[in-house]
Structures are given as structure tokens and as C-alpha cells.
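[1] Just to be clear, the model below is a prediction. Sequence and coordinates:
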Amino acid sequence: MSRKFEPRPGFTMQAYQFALEPTETQAEALRSHCGAQRKAYNWGLARVKANLGQREAERSYEVPEDQLTPPLNWSAYSFRRDWNQIKDEVAPWWAENSKEAYASGLANLADALGNWNASRKGQRNGLKVRFPRFTSAKRSTWSCTFTTGAFGLSTTDRRHVRLPRIGAVRTGESTRKLARRIEADTARILKATVSHRRGRWYVSFQAEVRRDQPQPATVGGTVGADLGVKSLAVLSTGETVPNPKHLDAAQRELRVLQRRASRRWIPGRKPDEQSRRWHQAQDRIRRLHSYVANARQEGLHQLSTRLTTDFDSIVIEDLNVAGMLRSHTLSRSIADVGMGELRRQITYKTSWNGRHLVVADRWYPSSKTCSSCGVVKAKLRMRDRTFRCDNDACGLVIDRDLNASYNLAGLAHEANTSSQSCGATENEPAGNPGKTSLAGVGYRHGKTAPDGAAKAA
Ligand SMILES: [Zn+2]
């Protein structure tokens, strides 16, 4: 069973996230719900593992396949049914939490098993999905999803949200961006997920939102954006969009803090037993992480908004982010730039704003092709920052990324005339952004390259 909601025509799915400021009692209830979610998940996973182990053992005694212990049904529905029969026994305190907490854990388990199964059978793109592991309070993200019950924004003010069982929780910021849409009847909340990350509680409302009529592009025309490693992006307008500055500075500070924390770490003691000074350093590290993540997200949103507001067509390259993250030399910068996230944003914003997104195929040699004469270089190393055309009659010398962005912009024109033969694909204007969540991993557009196909750098 899939929990993904398909929006109605003319609507898109959008998440609205707010930081929470729960009271101590509410924080306790939030922890309890996340614990309940985890309990149900781990209970279900233990059953699945026991069942798989039993069948494996029987096979080793050469029990015929049709006489093996029957396999468990891995659907969320089936997990819930079994849970309801046994919950008095395994979690006699179950009534303390909303039943949604348990349903959320079991639905996550069903999804995780489904993803693993699809990945194993080669029906899923991206990195190989591991078999689900038990979650622990220390290692895993605390979260809990509500799909039914009384949740949403407060009807009386814009600083509270309502959650089942937990009540009205104060938010760290105004909820107006969503409240206005709900009042205007252009948004409907479908589910709410609470989570605890980097020392804070958050709620994320998944809403079905009616998009506004697209405005005409302010600049118009086509822009090729080469998402870079050294800079965030290079545009075919000649503009270089730098990486967020605060990122480098904050990361240097982070390394200093991490060294400080490790000096204060007393070996042989558990984190709870460490000194007050170590905990102080940890708190600062957590806050800095939070700052870096928010600032980066903000920078990416500014860029993607600007591209999709200013231009009619945006051409980007289909980089194999999942593959690139595996190579250690580049992984750091690419993770920093949040390339997958930027692609995801450009993708849904082009569909909101009525723009065209053209994604060049992964093997299209945008960097190696001369943007002036079209001759493709035999070799261009990653460290060559300048493109020099091999064709003596042309002799173009140009910044590597700018050359690539010209080539990408050129692809848009080809895509408009014959989309089959040019090595590029256009997005569907009414694409569902909900389908392409998680940044970069396993996410691609258009034609699919055979696995292991080299990226044309
Ligand atoms: Zn040339």
C-alpha cells in the first residue's frame, strides 16, 4: 500500500514545515508518540525477520518449497491487523498514544520492505536499498506521522498547530504562509509528520495546493545552468552564482568545534556521563549544523526561484548524483552544494511557473563539446578549468563551465524542434513533485542510462 497522495488536477503536493516550541508535557507526549512509532516498526521487523529465518532454516532441511512456513504478508494493512491482535501483549501501554503512531511505524516498515524488494529485483533506480534495520532511540530520527484525527493549523491564531492527543503546540514562526492558503481554500492538509532533528521538534504538513496562474517570464528565453562543483551554478548569461559563503565559514567553525568537543571527550564514559563542557560544545555543534542546513536550503531556493521566474526554459544536466556521491574526492563539495536538492526544486518550480525544464542526458558531453564549432574534445580532465577547442580553425578558449552552459542552452532549441534525437528530454509541465522527493538519490529524468554508464564530464 502506498501512502503517497496523488493531487487533483491543477493541484500540487507541497510540504510546509514549522519548528515547534512544545511545553515539557507536550515534548514528553511527542517523544512518547515517536517511541510508539518505533515500537511498532521494530515489532513488525522482528516478525518479518523471524519468518524469513524460519523459511531459510526449513529450506536448509530440504523441506519442499510448497510446505515451507508461509511467507508473511508485507502490506501495511496486514501489519496493522496483526498488531491490533497482539498489542495488549507486546505494548500494554498502547492506549497512551494515538493509534496513528503505530500505524505510521507499520506503514514505514511496509515501505522500507517494498523499497528493498524493488531494489533487489532491479525495479528501482539509484543506490541499492539495504534490508531494513531495527531503529533505535539514539541512532534513528524520531518521527511520527498522522493521517487522520484532529491536526492542522490553529483556527484562532497563527502561532499554534493542532496535533492529535498532543493538542495545540506553539510554533517557532508564524504559520501564515499556509494559513492564508487554507483560508482562501487553495490548500488542504492531508497529513502531518512530527520529527525531532538537530535538537528541535518540527512539524511538516503535506498539503494539496492549487497553484497560481503562471506569470510571464521577466527576462524570457532560455538559460543553461551548469550546476558546478566550484560554484553553485554557471549560467549561459555569463553569470556565476557562487556557493553560499556562510557555508565555508560555518564549516570551518564546525571543524574547530568538533576538535574542541573531542578534546573534552573522556574515554570510557557514555555520552550521558561526559562533562558539562563537552555537552556545551555538543550543543553549539548542533546549533551550527542547523544553521548551515537552513542557510543552504535558503540559498538553493533563491536560485531556483530566480531561474524559474526569469526564464522560459531552463536547461540542466542530468548528473548521476548517486554515483558521484560514492567518489570521495567530489562527494564533499557536491553534498555541500546540494545539487540533487537544487534539481528537485527547479523541477517542481518549472512546473508551477509554467516554464520548461530540459534535462540533458547523462552522457551528453556538455563540457567536452565546443559551444562555437561543435567539435567534441577527446579528453577534458576534471581539473581543466578552461576549455580549449581542438579545432584549429575555431580555437575557442573559454571558461569550462560557461562553455557547458552554452551547450545546455543550445539543447533547449533542439529539444523544441525534435525531442527524440538531441539527447535531451523535457519535463511534463504537470509533473508531481511529490514523486521526486529525497535529494538526488535514485532520481532521474527522461531516458535512463544503462547502469555504470560513464558520466560525460
Ligand atoms: Zn571550436
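    Ah, there it is.

[2] Please list all residues in contact with Leu178.
    16, 153, 187, 189, 205, 207 (C-beta atoms under 8 Å, 6 or more residues apart in numbering). C-beta coordinates here come from the backbone N, C-alpha and C atoms, glycine included.

[3] want to try CSV for those residues, with secondary structure, pLDDT and distance to the ion as columns?
    CSV is the format used below for these (DSSP: H, G, I helix; E, B strand; the rest coil; pLDDT from 0 to 100; distance: C-beta to the ion, whole Å):
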residue, secondary structure, pLDDT, distance to the ion
Tyr16, strand, 93, 49
Leu153, strand, 93, 57
Ala187, strand, 90, 51
Ile189, strand, 92, 54
Phe205, strand, 95, 52
Ala207, strand, 91, 50
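
[4] Could you export these as TSV, including neighbour count?
    Listed next are the contacts of Leu178 as TSV, based on neighbours: other C-beta atoms under 10 Å:
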residue	neighbour count
Tyr16	21
Leu153	23
Ala187	21
Ile189	18
Phe205	23
Ala207	24
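
[5] shaky segments in the stretch 51-200 of the chain?
    Scanning the stretch 51-200 of the chain for pLDDT under 70 picks out nothing.

[6] That one: helices as residue ranges?
    76-90, 99-120, 176-183 (DSSP state H, counting those that start in this stretch).

[7] Of the ones you listed, give the one that comes closest to the ion.
    helix 99-120 (42.9 Å; C-beta to the ion).

[8] Could I get the buried residue list for the closest one?
    99-116, 119 (16 or more other C-beta atoms under 10 Å).

[9] Tabulate the CA atom coordinates of it in PDB.
    Extracted C-alpha coordinates of helix 99-120, given in PDB (Å, rounded to 0.1, in the frame of the first residue of the first chain):
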ATOM      1  CA  LYS A  99      -3.200   4.700  17.100                       C
ATOM      2  CA  GLU A 100      -1.700   6.700  14.200                       C
ATOM      3  CA  ALA A 101       1.700   6.400  15.800                       C
ATOM      4  CA  TYR A 102       1.600   2.600  15.500                       C
ATOM      5  CA  ALA A 103       0.100   2.800  12.000                       C
ATOM      6  CA  SER A 104       2.900   5.200  11.000                       C
ATOM      7  CA  GLY A 105       5.600   2.800  12.100                       C
ATOM      8  CA  LEU A 106       4.000  -0.100  10.300                       C
ATOM      9  CA  ALA A 107       3.500   1.900   7.100                       C
ATOM     10  CA  ASN A 108       7.100   2.900   7.200                       C
ATOM     11  CA  LEU A 109       8.100  -0.700   7.600                       C
ATOM     12  CA  ALA A 110       5.900  -1.800   4.700                       C
ATOM     13  CA  ASP A 111       7.500   1.000   2.500                       C
ATOM     14  CA  ALA A 112      11.100   0.000   3.600                       C
ATOM     15  CA  LEU A 113      10.400  -3.600   2.700                       C
ATOM     16  CA  GLY A 114       8.800  -2.700  -0.500                       C
ATOM     17  CA  ASN A 115      11.800  -0.500  -1.500                       C
ATOM     18  CA  TRP A 116      14.200  -3.200  -0.600                       C
ATOM     19  CA  ASN A 117      12.300  -5.700  -2.600                       C
ATOM     20  CA  ALA A 118      12.000  -3.500  -5.700                       C
ATOM     21  CA  SER A 119      15.700  -2.600  -5.500                       C
ATOM     22  CA  ARG A 120      16.600  -6.300  -5.200                       C
END
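
[10] Which pLDDT value goes with the nearest residue to Val234 once chain neighbours are set aside?
    Using C-beta to C-beta, 6 or more residues apart in numbering and skipping the chain neighbours, the partner closest in space to Val234 is Asp401 (3.7 Å). pLDDT recorded at Asp401 is 83.

[11] Then Gly442?
    On the pLDDT scale, Gly442 gets 29.

[12] who's in contact with the nearest residue to Val219 once chain neighbours are set aside?
    Using C-beta to C-beta, 6+ apart and skipping residues adjacent in sequence, the residue nearest Val219 is Asp310, 4.2 Å away. Counting by C-beta under 8 Å, 6+ apart, Asp310 makes contact with 217-220, 223.

[13] So, low pLDDT: which residues of the stretch 351-457 of the chain?
    In the stretch 351-457 of the chain (pLDDT under 70), the answer is 362, 415-457.

[14] what helices or strands is whatever helix or strand Gly35 lives in leaning on?
    Using DSSP states H and E, Gly35 maps to helix 24-60. Contacts defined by 3 or more C-beta pairs under 8 Å, 6 or more residues apart in numbering; DSSP states H and E place helix 24-60 against helix 76-90, helix 99-120, strand 142-146, strand 187-197.
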